[in-house]
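Visitor: Provide a 3D model corresponding to the input given below.
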Amino acid sequence: MKISTRTEYGIRVLVTLARVGDDDPCLSLTEIAKREKLPHAYLEQLVGDLRRAGLV
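Guide: Presented below is the predicted three-dimensional model:
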């Protein structure tokens, strides 16, 4: 099954947040971008969409 890059990045962000859990409730977007080797500017837009959807 093919998924879009945006969907893949969204899943990776959500999985990263789930793995961290309560260990670091203030994980920054910069840290997520570094951990997952994803473009920070793109993640800003993506996380905004995830926030509006009530996922983060």
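
Visitor: got the contact list for the spatially most central residue of the chain?
Guide: In the chain, the residue lying closest to the centroid (Cα atoms, centre = their mean) is residue 13, at 2.3 Å. Taking Cβ atoms under 8 Å, 6 or more residues apart in numbering as the contact definition, residue 13 lies against 32, 36, 38, 43, 46, 47, 50, 56. Placement of C-beta: from N, CA and C, glycine included.

Visitor: rerun at 10 Å
Guide: Listed by Cβ atoms under 10 Å, 6 or more residues apart in numbering, the contact set of residue 13 reads 29, 32, 33, 35, 36, 38, 43, 46, 47, 50, 55, 56.

Visitor: equivalent analysis for residue 25, please.
Guide: residue 17.

Visitor: helix, strand, or coil at it?
Guide: coil (DSSP: H, G, I helix; E, B strand; the rest coil).

Visitor: over to residue 3?
Guide: coil.

Visitor: pLDDT value on it, please?
Guide: Note on residue 3: pLDDT of 94.

Visitor: what sits closest to it if chain neighbours are left out?
Guide: Leaving aside its sequence neighbours, residue 3 sits nearest to residue 11 (Cβ to Cβ, 6 or more residues apart in numbering; 7.9 Å).

Visitor: same question for residue 33.
Guide: residue 40 is the one closest to residue 33 (Cβ to Cβ, 6+ apart), at 4.3 Å.

Visitor: tally of neighbours for that neighbour?
Guide: For residue 40, the neighbour count with other Cβ atoms under 10 Å is 12.

Visitor: what of residue 44?
Guide: By other Cβ under 10 Å, 11 other residues sit near residue 44.
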